[in-house]
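Student: need a structure here:
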Amino acid sequence: MKKRSVSIVLALFLVLALFAAACTDDDATEETTTTAAPAPGETTTTAAPPTTIAEPVGEYPRDETLYTSGTQWGPPGSWNPLVTWGYATGTVNFVYETLFIYDPFTDEYIPWLAESGEWSSPTQYDLTLRQGITWTDGEDFNADDVVFTFELGQRYPSVQWAPMWDWLSSVEAVDDYHVTFTFDDPLYQEWGNFLYSRPMVAEHLWADLSEDEVVNGVNENPIGTGPYMYETYDQDRMVWVKNENWWGIDALGLDPAPKYIVDIVNGSNNIALGLVLQGGLDLSNNFLPGVATLVSGGYGVVTYFPEAPFMISANTAWLVTNNIKPPMDDPAFRKALATAIDVDTIVSVVYGNIVAKANPTGLLAVWDQYVDQALVDQLGFSYSTEDAIAMLAAAGYVDVDGDGYVDNLDGSPIALELIVPNGWTDWMESIRVISDGAKAAGINIEPAFPDYGARTEVLQDGTFDLAIANDAQLSNTPWTYYDWIFQDPIQDQMTNGNFGRYENQAAFDLVVDLDKTPTDDTAAMAAIISDLQEIFLTDLPIIPLWYNGLWAQYSDAVWVGWPGSGADQNHYLPATWRGYWNMTGILMLCDLELRPAE
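Tutor: Numbering: from 1, shown residues only. The predicted structure follows:
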């Protein structure tokens, strides 16, 4: 054992050294740890190895406990499933469950709290609930709870799904286990997303809460229907305990293996790396430097794919251009800028091939059927410094003052700032590559590293030049992707997409048309998406770069049966990120087994 421990520590330092060599240059500044909460796929890390590795400790038997990390960047402080951006990981789908769960690999809605659901007419959806489900306080779950949950959006304008009532006219409990939804003008894509993403809450516990308590309350000691219950928490962890009376054991034949799940608050990604190597973390959804070396090095570190890109693609990393500022307001300039970016170097050098280069449309691989390849061949872009220089010249961008960089069409100098949050080392190194490529083509772009809060503020208020973002995640439909890019209307504060303030009514109308298309009419979806792609590839309102990975590294020291790409493995999503447990992550827990004794 002593020899094994020494080799693990040496491997840790070796991997960190390799990462530093790949992701820094002579001008690199010292990187610091931030406690901001990155979106999934964005990262926080330190450049130096930790002096100590704080192993998780507690009274929970190791052979009954699953240790996770990668979502919570601060002490747990909310168990409110309606606060979708801040609840303790596991609140949704451990405690509060959804009507369906969704498998993005098979494009399948799996009945959960609902036994079935169907459109009985173009404007009516009929839902049948499972019988025999109870809340963990012993009260029955029934149609009244579903009606109440939906009507919270009608009752309180600040509930996240309040806008649904612009197109949903009524929700009626036909009896204890049947609910009818009637729509004025149904948005089928949005409805499909709601069915697996919105948790149900108990009417008898929530009915007397004020609007502020509903949308902002911490909801400590939550009561749900799910496979786990609130156990305890501390500054550095959230602990869940198995609900031995969970309805799914009998109704679905599913039985999560761990009795306890302990989610560890992130200190830094390097600390998470040490814990994975030592078997102190079973599943890390952190960005771990040098993971490719660990997978091939015999250290018991496993990823979904055994070779590059190692990770499932979870979202698209874009270069966001502020399209109301010259020269970014010119599609010809944006196309030249896209052509100047060497994404292959970002993929291979910055990431060590654990991410994949994005298709020019930016659509994730699960949506390949909707990529119009003929349009990509005609209008797409690829890296070429020479082509970028020629495109700039053809569009009238020339070096007026002789400083080596092209100037605006009015002769004023171009000096752009490209931002990512300080401490997100993979993005920091990526924008250095982007800056270098732009300068080689004659575009003066300098990288900058504000803190997370400052970066978010300028994105939302539109006072930035250029930035990296990856907010739109893997989902049931490419509508969520285009809804983010073409978010409408343009407001002073853009908090849910279209940070670049791109204005195109035709694109906005197409996104609405797509939303109104039934999810099973893939031919109609493809036709609308093709029209969107023609606009997108012509104007490039935002520039797709690479697919951020669903960072997932697991240790097989205690638990085996992890998801993977092999024919004999399950293909669930190994993710603790908010919104991912209900995309088959919960099924992963039911396939885990203890490592056989050797």
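Student: every contact and neighbour count from this point should use C-alpha atoms.
Tutor: OK.
Student: contacting residues for Tyr304?
Tutor: 310-312, 552-553, 563-565 (C-alpha atoms under 8 Å, 6 or more residues apart in numbering).
Student: what does Pro309 give?
Tutor: 353-356.
Student: could you pull out the buried residues of stretch 438-457?
Tutor: 438-449, 451-452, 455-456 (16 or more other C-alpha atoms under 10 Å).
Student: what of stretch 98-116?
Tutor: 98-104, 109-116.
Student: neighbours of Val262, how many?
Tutor: The number of residues packed near Val262 is 25, by other C-alpha atoms under 10 Å.
Student: wait, isn't it in contact with Val239?
Tutor: Yes: counting by C-alpha atoms under 8 Å, Val262 touches Val239, with 4.5 Å between them.
Student: picking up where we left off before, looking at the contacts of Tyr304, spot the one nearest Ile485.
Tutor: Distance to Ile485, by C-alpha to C-alpha, is smallest for Ile312 among these, at 21.9 Å.
Student: okay, now that closest one: neighbour count?
Tutor: 25.
Student: tell me the contacts of it?
Tutor: So Ile312 contacts 304-305, 549-551 (C-alpha under 8 Å, 6+ apart).
Student: by neighbour count, which of these wins?
Tutor: Trp551 leads the contacts of Ile312 on contacts (other C-alpha under 10 Å) with 29 neighbours.
Student: ok, back up a step: which among the contacts of Tyr304 end up buried?
Tutor: If we count by 16+ other C-alpha under 10 Å, the contacts of Tyr304 have these buried: 310-312, 552-553, 563-564.
Student: reformat the residues you listed as JSON lines; add secondary structure.
Tutor: JSON lines is the format used below for the buried ones among the contacts of Tyr304 (DSSP: H, G, I helix; E, B strand; the rest coil):
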{"residue": "Phe310", "secondary structure": "coil"}
{"residue": "Met311", "secondary structure": "coil"}
{"residue": "Ile312", "secondary structure": "coil"}
{"residue": "Ala552", "secondary structure": "coil"}
{"residue": "Gln553", "secondary structure": "strand"}
{"residue": "Pro563", "secondary structure": "coil"}
{"residue": "Gly564", "secondary structure": "coil"}
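Student: out of the contacts of Tyr304, who's nearest Asp483?
Tutor: Distances from Asp483 to the contacts of Tyr304, taken by C-alpha to C-alpha, are shortest for Ile312, at 22.4 Å.
Student: now Arg198: how far from Ser313?
Tutor: Distance of Arg198 to Ser313, given as C-alpha to C-alpha, to the nearest Å: 23 Å.
Student: typo on my end, it should be Ile431
Tutor: 20 Å.
Student: all strands of the stretch 301-450 of the chain, in order?
Tutor: With DSSP state E, counting those that start in this stretch as the criterion, the stretch 301-450 of the chain has strands at 301-302, 313-321, 356-357, 416-419, 445-448.
Student: got a markdown table for the buried ones among the contacts of Tyr304, with distance to Thr477 and pLDDT too?
Tutor: Shown next, in a markdown table, are those (distance: C-alpha to C-alpha, whole Å; pLDDT from 0 to 100):
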| residue | distance to Thr477 | pLDDT |
| --- | --- | --- |
| Phe310 | 24 | 94 |
| Met311 | 20 | 95 |
| Ile312 | 17 | 95 |
| Ala552 | 23 | 95 |
| Gln553 | 26 | 94 |
| Pro563 | 23 | 97 |
| Gly564 | 23 | 97 |
